[in-house]
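Enquirer: Make a model of this:
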Amino acid sequence: MTRPEAEDEDEKPLDPSIEKVRRKMVRFMGINLGILFLALMVVIAALVYKSRTSAPQVAAPAGDIQLPAGQPAEADIVLPVGARIVSQSISGDRISLDAELAGGERMLFVYDIAAQRLVGRFAIRNR
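Expert: Presented below is the predicted three-dimensional model:
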């Protein structure tokens, strides 16, 4: 028994104009895939280059104050004459001093221990 569908399954040659369009499409697809592959390789190369050349930045944790070995931290915190410290609080390398001034008013002084400087002075007032 012969199958009548076998004759239909055989590929018949395409019309020359359609064959020309098919070849152009295959060439176009090959060129686009090549450009896409090249662009992907450039991106991967840039990522590898960036990861190898940049040294990891190791920052000191917020609570660590960099001091020479075996030496305690020393600095002067200058408050106005007659000021009395009511409370203090420390966070990382900053200390906050709540002080009552000679006239009875209160102020917060924020001091940076690492930089050894006063970074803020805030008046506390009632409205």
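Enquirer: Could you tell me which ranges of the protein sit under the pLDDT cut-off?
Expert: Along the chain, the parts satisfying pLDDT under 70 run over 1-9, 55-68, 70.
Enquirer: Where do the strands of it begin and end?
Expert: 84-91, 94-100, 106-112, 117-124 (DSSP state E).
Enquirer: The first one pairs with which strands?
Expert: Strand 84-91 has these partner strands in its sheet, going by DSSP bridges: strand 94-100 (antiparallel).
Enquirer: Can you show me the CA trace of the strand it pairs with as PDB?
Expert: Extracted C-alpha coordinates of strand 94-100, given in PDB (Å, rounded to 0.1, in the frame of the first residue of the first chain):
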ATOM      1  CA  ARG A  94      28.100  60.900  68.300                       C
ATOM      2  CA  ILE A  95      27.200  61.900  71.800                       C
ATOM      3  CA  SER A  96      24.300  64.100  72.700                       C
ATOM      4  CA  LEU A  97      24.400  66.200  75.900                       C
ATOM      5  CA  ASP A  98      21.300  67.700  77.400                       C
ATOM      6  CA  ALA A  99      22.500  70.700  79.400                       C
ATOM      7  CA  GLU A 100      20.800  73.300  81.600                       C
END
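Enquirer: want to try a markdown table for the strands of the chain, with mean neighbour count as columns?
Expert: Where you see a C-beta, it was placed from the backbone N, CA and C, and this is true even at glycine. As requested, the strands of the chain are arranged in a markdown table below (neighbours: other CB atoms under 10 Å):
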| stretch | mean neighbour count |
| --- | --- |
| strand 84-91 | 11 |
| strand 94-100 | 17 |
| strand 106-112 | 17 |
| strand 117-124 | 11 |
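Enquirer: need those in a markdown table with distance to R27, can you?
Expert: As requested, those are exported to a markdown table (distance: least, CB to CB, whole Å):
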| stretch | distance to R27 |
| --- | --- |
| strand 84-91 | 66 |
| strand 94-100 | 67 |
| strand 106-112 | 67 |
| strand 117-124 | 67 |
